[in-house]
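Enquirer: Sharing a model prediction with you, sequence too.
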Protein chains: 2
Amino acid sequence: MDEFELIRRFVDPVARATRNEAVRLGPGDDGAIQSVPAGYELVFSIDTMVAGVHFPNAYPGHCLATRALGAAVSDLAAMGADPVCFTLSLTLPHSDEAFLSSFFQSLSDRAQALGVALAGGDVTAGPLSVSVQAHGQVPAGAAITRGGAKPDQLVVVSGTLGDAAGALDMLDRDRPNEYQGALLARYHRPEPRLALGQRLRSMATAAVDVSDGLLADLGHLLVASGCGATIDASAVPCSDALLRCAGQGAGVLALTGGDDYELCFTLPEVQWSDELSETVPLTVIGRTHPAPGLDVVNRPPGLNRAMTGYDHFGGGRE
Amino acid sequence: MDEFELIRRFVDPVARATRNEAVRLGPGDDGAIQSVPAGYELVFSIDTMVAGVHFPNAYPGHCLATRALGAAVSDLAAMGADPVCFTLSLTLPHSDEAFLSSFFQSLSDRAQALGVALAGGDVTAGPLSVSVQAHGQVPAGAAITRGGAKPDQLVVVSGTLGDAAGALDMLDRDRPNEYQGALLARYHRPEPRLALGQRLRSMATAAVDVSDGLLADLGHLLVASGCGATIDASAVPCSDALLRCAGQGAGVLALTGGDDYELCFTLPEVQWSDELSETVPLTVIGRTHPAPGLDVVNRPPGLNRAMTGYDHFGGGRE
């Protein structure tokens, strides 16, 4: 199967199934064309996943599609953007029909569910990797960045954390039990918090998606904002599945595990209301303060300095 | 050097050196933000280059940067778009400081020359590859696509063809002579025909950049347009350097060699004038006709059917 047949058989059907009005020209030309409504801005983010680094070498095609697309679209959620479309660059060692069929069917289903059209892409030969660039739009000036947090605001996280990291040592398990299955689903099929992000764009002062781990990602937000925070580790929400599978290790996984793609954001206390939790449960885990650094109280057993991501963002303190 | 230090030392300086007003938020957040003026549309294209496939395994960093950026921006030229910005996803087996320094310095220089700001990106561990997504803008509806050619229009190419393909067997030459050096420069440092593309957007009916070879790329344009063409192979322009280095083989290289990133376009004859050649020499090489297929007259010795890219685009004829 040459590149052109691969595109005709696998890429074009996804483009047709996912198309929307904003994409004026999809795959097949030198470039794609997207219309951005007057008064809106384009938001975009590219993410690359490499076999053996970001996913197992023998990873099913459908899992790779849902993971790569979910991770890229999650960045739109963190910015408060409405999803529009995406480009895909797929590098493959050989054209394995079963893999391609599984990958592109899952990509099509997931793209439709997330509301993003396949607008363009590239298929090349080489070691397996996939790059997805997600495109969204926001009213001009309304995007949520990492840099707007002010002292004395709430630090909030969505959903539960640590699940995807808890799944890492069971990726090759043939018959996971109910709890293991729940963790694996979090790893294979990230759920970008799009509705929450859109809701937050008139409220949150800063936001980030939890892809590297809560302490690392919140640390980036605090550095960008020029303030610090104290969080209560015992308030960080863990799923029943993680508590069942990881036991006492759950607390460390929730603070340091990546790949959950929940949102962590800051909010003036007057903006907080239980109604915000309508689409996904939210938990207040701490509060910002003027001094730089991320303080963690009620640390779980086993959390050490090297696991906090502290060294990645200068200016922090314990 | 971890990912954050790499970004701080190499990515951030390029973003600062290349920034422009359209990029409202550059690298360092969950996503970048681009403003698209009212009445304009976004044009974008992603290209991936993999070591050992699209460039030699021991390829200098500065050459990789100019080649990857030039190839991506060339797609904007083919659409008639004004260049705005780009994202970069770089996958590296290890952090080689000399390579990174050479790559990013060259990227910065070339991006400034081409007028594109580094808006975002991703740096990951893995086998060496680079993806660049170029972003441009056009007045709404004014982009040149591959699908607008009509019968009885001129087929035109810019510059000279075959040079980059002529360089392929001298990539590891330490002391190239003057002519070899000219071919190597074409391969290492593509020159996107941006000014020509912008000029053509009120004139050309269809355009494509020559990345896979003239016969293959013109073939794609004809299939997309639903017509055919006859071209005179003896009219296809070759450089003196190619004639000196490849001798009788020059004709085949000009018809089938990729990586030159010249434009091939169709134009109503009434639109043709010598003034169009102001920024780069143009040559009329043939004419479109209603019947599908690409006919080549005055074929050079050595051109066989398999080299025409014929099998890649159904509906053609010899």
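Expert: Arrived safely, thanks for sending.
Enquirer: For the stretch 51-200 of chain A, give the residue positioned nearest to chain B.
Expert: As assessed by CB to the nearest CB, chain B sits closest to residue A:126 within the stretch 51-200 of chain A, at 3.4 Å. Glycine gets a C-beta too; all of them are placed from N, C-alpha and C.
Enquirer: With adjacent residues omitted, what lies nearest to that residue?
Expert: Leaving aside its sequence neighbours, residue A:126 sits nearest to residue B:50 (CB to CB, 6 or more residues apart in numbering or on different chains; 3.4 Å).
Enquirer: Burial check on the one you found, number of neighbours?
Expert: By the measure other CB atoms under 10 Å in any protein chain shown, the count of residues near residue B:50 is 19.
Enquirer: hang on, it is in a helix, isn't it?
Expert: No: applying DSSP: H, G, I helix; E, B strand; the rest coil, one finds residue B:50 to be strand, outside a helix.
Enquirer: pLDDT score for it?
Expert: At residue B:50, the model reports a pLDDT of 96.
Enquirer: any chance you could map the strands in the stretch 201-318 of chain A?
Expert: Secondary structure of the stretch 201-318 of chain A by DSSP state E, counting those that start in this stretch: the strands cover A:206-209, A:228-232, A:263-267, A:282-289, A:293-297.
Enquirer: Make JSON lines out of those and add mean neighbour count.
Expert: Shown next, in JSON lines, are the strands of the stretch 201-318 of chain A (neighbours: other CB atoms under 10 Å in any protein chain shown):
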{"stretch": "strand A:206-209", "mean neighbour count": "29"}
{"stretch": "strand A:228-232", "mean neighbour count": "21"}
{"stretch": "strand A:263-267", "mean neighbour count": "26"}
{"stretch": "strand A:282-289", "mean neighbour count": "20"}
{"stretch": "strand A:293-297", "mean neighbour count": "18"}
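Enquirer: My read is that residue A:61 contacts residue A:92, right?
Expert: No: if you go by CB atoms under 8 Å, residue A:61 and residue A:92 don't touch, sitting 10.3 Å apart.
Enquirer: Need the residues touching each of the two.
Expert: Residues touching both residue A:61 and residue A:92 by CB atoms under 8 Å, 6 or more residues apart in numbering or on different chains: residue A:100.
Enquirer: ok, the closest residue to residue A:283 other than its chain neighbours - how many residues close by?
Expert: Distance criterion CB to CB, 6+ apart; nearest residue to residue A:283, sequence neighbours excluded, is residue A:237 at 4.7 Å. Applying other CB under 10 Å, we find 17 residues neighbouring residue A:237.
Enquirer: how close does residue A:237 sit to residue A:76?
Expert: 23 Å (CB to CB, to the nearest Å).
Enquirer: And for residue A:155?
Expert: Going from residue A:155 to residue A:76 by CB to CB gives 22 Å.
Enquirer: dump the residue contacts of residue A:229.
Expert: By CB under 8 Å, 6+ apart, the residues touching residue A:229 are A:149, A:155, A:218, A:222, A:266, A:286-289, A:294-295.
Enquirer: redo that, cut-off 10 Å
Expert: Neighbour list for residue A:229: A:149, A:151, A:153-155, A:218-219, A:221-222, A:266, A:285-289, A:291-296 [criterion: CB atoms under 10 Å, 6 or more residues apart in numbering or on different chains].
Enquirer: same thing with residue A:207?
Expert: Listed by CB under 10 Å, 6+ apart, the contact set of residue A:207 reads A:77-80, A:143-146, A:148-149, A:156, A:158, A:193, A:196-197, A:200-201, A:217, A:221, A:263-267, B:29-30.
Enquirer: Leaving out the residues flanking it, which one is nearest to it?
Expert: residue A:265 (3.8 Å).
Enquirer: Report pLDDT for that neighbour.
Expert: Turning to residue A:265, the model gives it a pLDDT of 98.
Enquirer: For chain B, see how far away it is.
Expert: Using CB to the nearest CB, to the nearest Å, residue A:265 is found at 11 Å from chain B.
Enquirer: Okay, that residue and residue A:141: tell me how far apart.
Expert: In terms of CB to CB, residue A:265 sits 18 Å off from residue A:141.
Enquirer: likewise residue A:32?
Expert: 26 Å.
Enquirer: more neighbours, these two?
Expert: Neighbour totals were compared for residue A:32 and residue A:141, and residue A:32 leads with 28 against 10 (other CB under 10 Å).
Enquirer: ok now do the more buried one, which residues does it touch?
Expert: A:15, A:23-26, A:85, A:87, A:117-121, A:135, B:42-46, B:75, B:79, B:143.
Enquirer: One more: residue A:227?
Expert: Counting by CB under 10 Å, 6+ apart, residue A:227 has contacts A:149-153, A:206, A:221, A:266, A:288-293.
Enquirer: Identify the farthest-apart pair in the residues you listed.
Expert: Farthest pair in these (CB to CB) is A:206 and A:291. Separation: 16.8 Å.
Enquirer: Show me the shaky parts of the stretch 1-150 of chain A.
Expert: For the stretch 1-150 of chain A, no stretch is flagged by pLDDT under 70.
Enquirer: hmm, try it at 80
Expert: A:1-3 (pLDDT under 80).
Enquirer: got a list of what residue A:14 touches?
Expert: A:26-27, A:65, A:88, A:103-109, A:111-112, A:117-118, A:121.
Enquirer: which stretches of chain A form helices?
Expert: Assigned by DSSP state H, the helices in chain A fall at A:3-6, A:12-18, A:61-79, A:97-114, A:163-167, A:178-188, A:194-200, A:214-225, A:240-246, A:250-256.
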